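Q: need a structure here:
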Amino acid sequence: WYKKWDELSSFDKQLALGETMSHLKYLVEKGSISEIKINNSIYYTIST
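A: Below you'll find the model as predicted:
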């Protein structure tokens, strides 16, 4: 991105978050990262 987060429209922020979540889900399925759920929060760590 060429703009700062605060300069993005709500629509562009929604697109960016969706794309990020897609990448994270792909990496979890591939086994590159792990998803950990703690107290209603989700964390991602590099798989070892």
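Q: can you pull the contacts of Lys3?
A: By C-beta atoms under 8 Å, 6 or more residues apart in numbering, Lys3 lies in contact with Asp12. Quick note: C-beta positions are derived from backbone N, CA and C, even for glycine.
Q: now for the helix or strand where Val28 lies, which elements pack on it?
A: Taking DSSP states H and E as the definition, Val28 sits inside helix 10-30. With contacts taken as 3 or more C-beta pairs under 8 Å, 6 or more residues apart in numbering; DSSP states H and E, helix 10-30 sits against strand 33-38, strand 41-46.
Q: 6 Å - rerun?
A: The contact analysis (3 or more C-beta pairs under 6 Å, 6 or more residues apart in numbering; DSSP states H and E) places helix 10-30 against no helix or strand.
Q: mind starting the numbering at 18 from now?
A: Yes, from this point I'll number from 18; that puts the last item at helix 27-47.
Q: Just the angle for that helix relative to strand 58-63, thanks.
A: Helix 27-47 and strand 58-63 meet at an angle of 50 degrees, taking axes from the mean of the first three to the mean of the last three C-alpha atoms, to 10 degrees as the criterion.
Q: Not counting helix 27-47 itself, show me its contacts.
A: Identification of contacts with helix 27-47 by C-beta atoms under 6 Å, 6 or more residues apart in numbering yields 50, 52, 61.
Q: and if we set it to 7 Å?
A: Helix 27-47 is contacted from outside by 25, 50-52, 61, using C-beta atoms under 7 Å, 6 or more residues apart in numbering.
Q: Buried ones among those?
A: Neighbour counting with 16 or more other C-beta atoms under 10 Å marks Ile50 as buried within those.
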